[in-house]
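Please find the sequence and the predicted model below.
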Amino acid sequence: MSAIPVIAIHGGAGTLSRATISAEQQAAYRTALAEILALAQGALAAGATALDVVTEAVRQLEECPLFNAGRGAVYTADARHELDACVMRGSDLAAGAVAGVRTLRNPVLAARALLEEGGAVMLIGDGAERFARQQGLETVTPDWFGTPARLAQLRAVQSGDGMALDHDGAAATVSPLDERNKFGTVGAVALDVHGHLAAATSTGGMTNKRPGRVGDSPLIGAGCYANDRTVAVSCTGAGEAFMRGLAAHDVSALMEYAGLPLAEAARRVVMDKLPPLGGRGGLIAVDAQGGVVLPFNTEGMYRGWARVGQPVQVAIYADEADA
């Protein structure tokens, strides 16, 4: 009997801050996650591939200004936007990634196009944008990505203690997660009816980051990984630590080589291996049997999951039950 198709998504992890969020603002995050999950669930039920489903889920997250990817991305130190994305297909380990792009409306679509081309795995900057235009992908003016809230975060950091690990920003936040201690990335992982896995990750990076800085999100094995033999993983957190620990691939390696079940492999990476490296954040993962885990070592993580034929589930805080 084949596993039930399932998708999980995330929109960042960080410090719990219930006191700074109204019921209406909190509901907006939950609604956005739930709507994207419901559409993905329907696509999986109709037989869509995991790769198509995670690509589209991340594209929708890029379109939502509540999250740090695409529209609503954070600013670099020179008040610009530099976006990164990666997609990976578990059936053959095909992947595509772009980094440091500034005019691509949906970086995840450029990463997907690169995967489909089957040549280079990663392109950066102008080369990535030139490739995307050749593929007919939509471009926008750089100011399309910005929002007043993100610019306020940048100004707050630059007038305060300097750069922090990620969305180190305004004291007056409109997020359930404290923007001063929030790691902003979006991602999706899925298992389809055909038994295939896929993962996608996208980010605007970190507020006030050094121009040219690339984190874990577009790096295969660090912030994104999928292998039909084991697991699909998308990470969110302190990018440099996830890079040094090859966090996404490490989950797969612990399953494949050490024989650990998904939950223990993910727990060991997030709770034991990343913290000594300064790795605050979390990940979402779906294994080849349809198991889902969403561990994080911060106080909260935007997250949700949906199995075909079952209710959509969303959560933000650590005291909310997971799959």
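Sure thing, it's come through.

C-alpha only now, for contacts and for neighbours.
Noted.

Is Ala99 bridged to anything, and to what?
Beta-bridge partners for Ala99, by DSSP bridges, are Ile124.

which residues does Leu274 contact?
If you count contacts by C-alpha atoms under 8 Å, 6 or more residues apart in numbering, Leu274 has them with 241-242, 245, 247, 280.

now with 7 Å?
Applying C-alpha atoms under 7 Å, 6 or more residues apart in numbering to Leu274 gives the contacts 241, 245.

How much space separates it from Ala156?
28 Å (C-alpha to C-alpha, to the nearest Å).

for Ile316, same thing?
Distance, Ile316 to Ala156, using C-alpha to C-alpha: 25 Å.

higher neighbour count, the two?
Ile316 (24 against 19; other C-alpha atoms under 10 Å).

The more buried one falls within a strand, correct?
Yes: residue state for Ile316 (DSSP: H, G, I helix; E, B strand; the rest coil) corresponds to a strand.

what about Val108, how many neighbours?
For Val108, using other C-alpha under 10 Å, the count is 32.

wait, it sits on Ala85?
Yes: taking contacts as C-alpha atoms under 7 Å, Val108 lies within contact range of Ala85: 5.2 Å.

any common contacting residues for the two?
Counting by C-alpha under 7 Å, 6+ apart, the residues touching both Val108 and Ala85 are Ser202.

Am I right that Ala34 sits in a helix?
Yes: the assignment for Ala34 (three-state DSSP) places it in a helix.

Next up, the contacts around it.
When contacts are counted by C-alpha under 7 Å, 6+ apart, Ala34 touches 312, 314.

where exactly do the helices run in this protein?
With helices called from DSSP state H, the chain shows them at 23-45, 50-63, 107-117, 125-134, 148-158, 239-244, 247-256, 262-267.

Looking at the ones you listed, spot the one closest to Arg229.
Distance to Arg229, taken as C-alpha to C-alpha, is lowest for helix 247-256 among the helices of the chain, at 7.8 Å.

packing partners for that closest one?
Judged by 3 or more C-alpha pairs under 7 Å, 6 or more residues apart in numbering; DSSP states H and E, helix 247-256 is in contact with strand 224-226, strand 231-237, helix 262-267.

Quick check: buried residues in stretch 254-272?
Residues of stretch 254-272 classed as buried by neighbour count (16 or more other C-alpha atoms under 10 Å): 254-255, 260-263, 265-271.

picking that back up, how about the helices and strands packed on helix 247-256, which one is nearest Pro176?
Nearest of the helices and strands packed on helix 247-256 to Pro176, taken as C-alpha to C-alpha: strand 231-237 at 16.2 Å.

Neighbouring strands - and their directions - for the closest one?
Here strand 231-237 is paired, per DSSP bridges, with strand 224-226 (antiparallel), strand 281-287 (antiparallel).

And the average pLDDT for the last one is what?
Spelled out, that is strand 281-287. Mean pLDDT, computed over strand 281-287, is 97.
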